[in-house]
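>>> can't give you the sequence, but here's the structure:
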């Protein structure tokens, strides 16, 4: 048999093997895409709600502290001062403080600063990271996948800086070889996505785990400020009702108590710990490390539910505060 005839007879067999291999590869990738699409989307939604809820919680804390300090200022106007180091011709700030007494060594700002600025920056980077994973999932070209990964890596470097971890340059993900796959049913793009998600979550997971303590410590401190302020508001409203038991004063007392109850049950400090565990489950599911997709998805759904609850609570409280101020 001539070489030409031999090659012609072998060609169908080789083509059949290549097609079969590509079909098998596609079936594996397609299954993986189906598995990770919804969990990644849920992570993105959960971090978006958590970010919104924390911003609202910070605004709520500022509003409540401001309310108490303005009441103090009205009751004790001689305690209001311009900060000695502020409001001068060469000053960078101009702030008003309130003193508990004439010799108060620790005057407080009449207009309080946001209590958790570092946490808001941290949560913002995690939200951007999760949205970057979602962008990887929805990308329709290799170039867009790689662009999303670059963005994710930048978010992780920022996150490392915020928690005081070593800011390392995260390596680019490897793309699968085999140009033939590139043109078969988009399997090449899907395999690139999966590899990118695996690498990104592995890089992010230790950073998010390390951020738990930073987050919880800051949130517990902020919570105490908010709770002290709300407890004082409830006490004052109670005193006002006892002195003058009118329906208006009773309504004010009930509203204050409901606001305090909502903050006590929201427990925003616990959300990040659950988020870290859910991300760990997602990382392991993506990397085939003894965690099922059902478990990973359930963890993410739980975080999403808690985050949306927090978002709803603070949104309602802020709306009520705005109504009360009118």
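Nice, thanks for sending it over. What you see is a predicted model; the values in this text were computed from it and never measured. Residues are numbered from 1 along each chain as shown.

>>> any idea how far residue 102 is from residue 264?
Relative to residue 102, residue 264 is positioned 35 Å away (criterion: CB to CB, to the nearest Å). In this view, the C-beta of every residue, glycine as well, is placed from N, C-alpha and C.

>>> list the contacts for residue 104?
Contacts were defined as CB atoms under 8 Å, 6 or more residues apart in numbering; by that measure residue 104 touches residue 79.

>>> show me where the chain has its helices.
Counting by DSSP state H, residue ranges of the helices within the chain are 3-75, 117-138, 142-162, 187-243, 247-266, 268-286, 293-325.

>>> which residues touch the fifth one?
I take that to be helix 247-266. With CB under 8 Å, 6+ apart as the test, helix 247-266 has contacts from 57, 60, 64, 223, 226-227, 230-231, 233-234, 237-238, 240-241, 309-310, 313-314, 316-317, 320, 324.

>>> low-confidence ranges in the chain?
Across the chain, the ranges flagged by pLDDT under 70 are 1-33, 167-187, 324-326.

>>> follow-up on the earlier one: which among the contacts of helix 247-266 end up buried?
Buried members of those, scored by 16 or more other CB atoms under 10 Å, are 57, 60, 64, 223, 226, 230, 233-234, 237, 240-241, 309-310, 313-314, 317.

>>> most widely separated two among those residues?
Within the buried ones among the contacts of helix 247-266, 240 and 309 form the most distant pair, 30.9 Å apart (CB to CB).

>>> and residue 239, how many residues sit next to it?
For residue 239, the number of neighbouring residues by other CB atoms under 10 Å comes to 12.

>>> next one: it from residue 233, what distance?
From residue 239 across to residue 233, the span is 11 Å (CB to CB).

>>> I figured residue 218 hits residue 116, correct?
Yes: the criterion here is CB atoms under 8 Å, and residue 218 meets it with residue 116 at 5.6 Å.

>>> higher neighbour count, these two?
Under the neighbour definition other CB under 10 Å, residue 218 and residue 116 were set side by side, and residue 116 has more, 22 against 19.

>>> could you find the closest non-adjacent residue to that one?
When the adjacent residues along the chain are set aside, residue 116 lies closest to residue 222, with 4.7 Å between them (CB to CB, 6 or more residues apart in numbering).

>>> so the one you found makes contact with residue 61?
Yes: applying CB under 8 Å, one finds residue 222 in contact with residue 61, separated by 6.0 Å.

>>> list residues touching both of the two?
Shared contacts of residue 222 and residue 61, defined by CB under 8 Å, 6+ apart, are found at 115, 116.

>>> the two: which is more packed in?
Between residue 222 and residue 61, counted using other CB under 10 Å, residue 61 has the larger neighbour count: 23 against 20.

>>> residues in contact with both of residue 239 and residue 233, list them for me.
By CB under 8 Å, 6+ apart, no residue touches both residue 239 and residue 233.

>>> that older thread, which of residue 264 and residue 102 has more neighbours?
residue 264 (13 against 7).

>>> pull up the gap between the more buried one and residue 161, please.
Distance of residue 264 to residue 161, computed by CB to CB: 33 Å.

>>> ditto for residue 130
Per CB to CB, residue 130 is found 18 Å from residue 161.

>>> same check, this time on residue 258
For residue 258, the distance to residue 161 under the criterion CB to CB works out to 40 Å.

>>> mind listing what residue 69 touches?
The neighbourhood of residue 69, defined by CB under 8 Å, 6+ apart, consists of 98, 108, 109, 110, 112.

>>> which residues does the last one contact?
For residue 112, the contact set (CB under 8 Å, 6+ apart) comprises 61, 62, 65, 66, 69.

>>> residues in contact with the second one?
Under the criterion of CB under 8 Å, 6+ apart, the neighbours of residue 62 are 112, 113, 114, 115.

>>> switch to 6 Å and redo it
Residues in contact with residue 62 (CB atoms under 6 Å, 6 or more residues apart in numbering) are 112, 114.

>>> just use 23 as the starting number from now, easier for me
All set: I'll call the first residue 23, so the last point we hit is now residue 84.

>>> residue 91 versus that one, what's the distance?
As for residue 84, its distance to residue 91 is 11 Å (criterion: CB to CB).

>>> can you check the first one too?
When CB to CB is the yardstick, residue 83 and residue 91 sit 12 Å from each other.
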